[in-house]
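> Have a look at this prediction, sequence included:
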Amino acid sequence: MKKAFTLVELVAVMAIVALTAHLAMRALGTLAETRKRTSAQRRMEEIRDGIWKVDSSGSASGFLADTGRLPRRLAELVEKPAGLGEYAVKEAGHGIYVASGWKGPYVRLEAGRGELLDPWGNEFLAETNALGFVTGVSHMGESGQPRTKSPPFSVVPPGGEKARIVVSADSAASMQVKCHFADGAGGVTNVTGQVSAAAECLLEGIAPGLVAVEAGGMVRGLALKAGETREIHLGE
């Protein structure tokens with residue numbers, strides 16, 4: 001005759017099953033949160049690259065490279081802001097052409113969503129500088145947790161978003177140097193200086209991206225990073 005389970009044994013078995021199920025659910029919940037955190041970080045990297053990216057060859061891309069300015073809101077990465085022209089190649093003069101304008105969207109939206117949301121359904125947060133331009137991005141954190149921000153991904157170095165060029169020359173004669181670049185409004189502008197063997201030329205306030213440097217009949221194309229200072233020497 002088989003011995004039946006006692007009530008105490010049945011309760012013990014049920015407790016073990018319940019504990020095992022509880023631990024399994026906690027493990028699944030932890031795994032789901034880990035996946036969300038990984039997804040949030042990946043999305044922040046996509047947003048950062050959509051604002052500014054330089055590949056291994058030195059080619060620049062993103063909102064900043066195309067327009068010559070940082071976005072004022074993250075929404076500008078997916079919808080063209082008012083007052084900013086469509087992307088086009090513009091003539092800067094003397095047969096020099098510079099690309100300028102909005103060529104987005106720079107970040108893909110997830111299916112069924114019309115805005116940039118993190119895996120918990122919250123909007124990504126834009127980190128802005130004193131001028132109101134986006135310089136980084138962060139997210140609000142885990143669902144149901146205090147709304148504390150994660151460390152931001154900075155897209156602009158401490159020196160700011162503008163680039164500089166230092167030009168030197170072998171020639172004793174003074175010559176004009178121009179740098180043509182996107183002006184941040186869909187057009188093209190330039191900064192000008194003079195260079196000679198006795199004095200080098202510093203061109204400041206250049207929007208990063210693809211720029212054209214013109215001096216003494218020479219035209220040189222450069223891909224400038226945000227905050228970068230590039231040196232150019234003009235030989236005989």
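Received, thanks.

> what's the spacing between stretch 117-124 and its chain's center?
Relative to the mean C-alpha coordinate of its chain, stretch 117-124 is positioned 18 Å out (C-alpha atoms, centre = their mean, to the nearest Å).

> Now do the phi/psi pair for Val11.
According to degrees, to the nearest 10, the main-chain angles of Val11 amount to phi -60, psi -40.

> Any idea how many residues pack against it?
If you count neighbours by other C-beta atoms under 10 Å, Val11 ends up with 11. To be clear about C-beta, it is placed using only N, CA and C from the backbone, and glycine gets the same treatment.

> Against Val17, how distant is it?
As judged by C-beta to C-beta, to the nearest Å, Val11 and Val17 stand 11 Å apart.

> Likewise for Gly132?
58 Å.

> and what of Leu131?
The value you get for Leu131 to Val17, if C-beta to C-beta is used, is 61 Å.

> now swap in Thr229 and tell me
With distances taken as C-beta to C-beta, Thr229 is found 67 Å from Val17.

> Could you check which of the two is surrounded by more residues?
More neighbours surround Thr229 than the other of Thr229 and Val17, with 14 against 10 (other C-beta under 10 Å).

> That one contacts Ala163, correct?
Yes. Under the criterion of C-beta atoms under 8 Å, Thr229 makes contact with Ala163 at 7.1 Å.

> need the next SSE after the helix or strand bottoming out on mean pLDDT in the chain, C-terminal direction.
Each helix and strand of the chain was given a mean pLDDT (mean pLDDT, DSSP states H and E); the minimum falls on strand 153-154 at a mean of 72. Following strand 153-154 in sequence order, the next helix or strand is strand 163-169 (DSSP states H and E).

> Can you point out the buried residues in that following strand?
When burial is assessed from 16 or more other C-beta atoms under 10 Å, strand 163-169 yields the following buried residues: Ala163, Arg164, Ile165, Val166, Val167, Ala169.

> Adjacent strands (with direction) for it?
Strand partners for strand 163-169, identified by DSSP bridges, are recorded as strand 201-206 (antiparallel), strand 229-234 (parallel).

> buried stuff in the first one?
Spelled out, it's strand 201-206. Neighbour-count burial for strand 201-206 flags Cys201, Leu203, Ile206 (criterion: 16+ other C-beta under 10 Å).

> which one of the residues you listed is nearest Thr38?
Checking these against Thr38 by C-beta to C-beta gives Ile206 as the nearest, at 37.0 Å.

> What score does the closest one have for pLDDT?
According to the model's per-residue confidence, Ile206 sits at a pLDDT of 91.

> again, but for the one 5 residues further on
In this model, Val211 is scored at 89, pLDDT.

> my hunch is that it is in a helix, does that hold up?
No. Counting by DSSP: H, G, I helix; E, B strand; the rest coil, Val211 is located in no helix; its state is strand.

> Need the nearest residue in space to it, chain neighbours excluded.
Leaving aside its sequence neighbours, Val211 sits nearest to Phe181 (C-beta to C-beta, 6 or more residues apart in numbering; 4.3 Å).

> ok, Lys178 - how many residues close by?
Around Lys178 sit 18 other residues, with neighbours defined as other C-beta under 10 Å.

> Same check on Val8?
Using other C-beta under 10 Å, the number of residues around Val8 comes to 8.

> packing partners for the stretch of helix or strand it belongs to?
Taking DSSP H and E as the criterion, Val8 maps to helix 7-51. For helix 7-51, the helices and strands in contact under the criterion 3 or more C-beta pairs under 8 Å, 6 or more residues apart in numbering; DSSP states H and E are helix 63-67, strand 134-138, strand 153-154.

> how does it look with 10 Å?
With contacts defined as 3 or more C-beta pairs under 10 Å, 6 or more residues apart in numbering; DSSP states H and E, the packing partners of helix 7-51 are helix 63-67, strand 125-128, strand 134-138, strand 153-154.
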